[in-house]
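*Asks:* Here is a sequence together with a model predicted from it:
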Amino acid sequence: MGAILEAIRDKLTAAFEPTRLEIVDDSSRHAGHAGAREGGESHFNVTIEAPAFAGTPRVARQRMVYHALAEELAGPVHALSVKALAPGEG
C-alpha cells in the first residue's frame, strides 16, 4: 500500500467512519496518459459506505469526499472516482 492510498484511507476513515471502504489504485490503466505519475498513485476508485451520507444527494456526497481529500486532489491525485453510499444502499 502506497503513501497516498494510506493518506486517502486515513482521511476518509477519520471524516466519515465508514462501514465499508474500498480504495483501488487504478493508475496502471492510465500509464502514458495525462496526469499519470511514474510509480502510480495518481488515479483511484473509491467506494465508501457511511451513515454520514444518509439522506444526502449523490453530488453532495461526492463533494464531501472531495473536500476531505482536498490536499491529495490539489497535488498527487489526478483522478478520483467516487461511489458514496449510505448503509443499505447498492
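*Replies:* Cool, the structure landed. All values derive from a computational prediction rather than experimental measurement. Numbers count the residues shown, from 1 in each chain.
*Asks:* which parts of stretch 13-24 are buried?
*Replies:* Within stretch 13-24, the residues that count as buried by 16 or more other CB atoms under 10 Å are 15, 16, 18, 21, 23. C-beta here means a position set from N, CA and C on the backbone, and glycine is covered the same way.
*Asks:* Closest to residue 44 out of the residues you listed?
*Replies:* Distance to residue 44 across these (CB to CB) is lowest for residue 23, with 6.0 Å.
*Asks:* Quickly find the element holding that closest one.
*Replies:* strand 20-25 (DSSP states H and E).
*Asks:* Would you mind giving the buried residues of stretch 13-24 as CSV with pLDDT and distance to residue 49 added?
*Replies:* Listed next are the buried residues of stretch 13-24 as CSV, based on pLDDT from 0 to 100; distance: CB to CB, whole Å:
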residue, pLDDT, distance to residue 49
15, 98, 14
16, 98, 9
18, 98, 6
21, 98, 8
23, 97, 13
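*Asks:* Pipe the residues you listed into CSV and attach distance to residue 87 per row.
*Replies:* What follows is those, written out as CSV (distance: CB to CB, whole Å):
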residue, distance to residue 87
15, 16
16, 11
18, 10
21, 13
23, 19
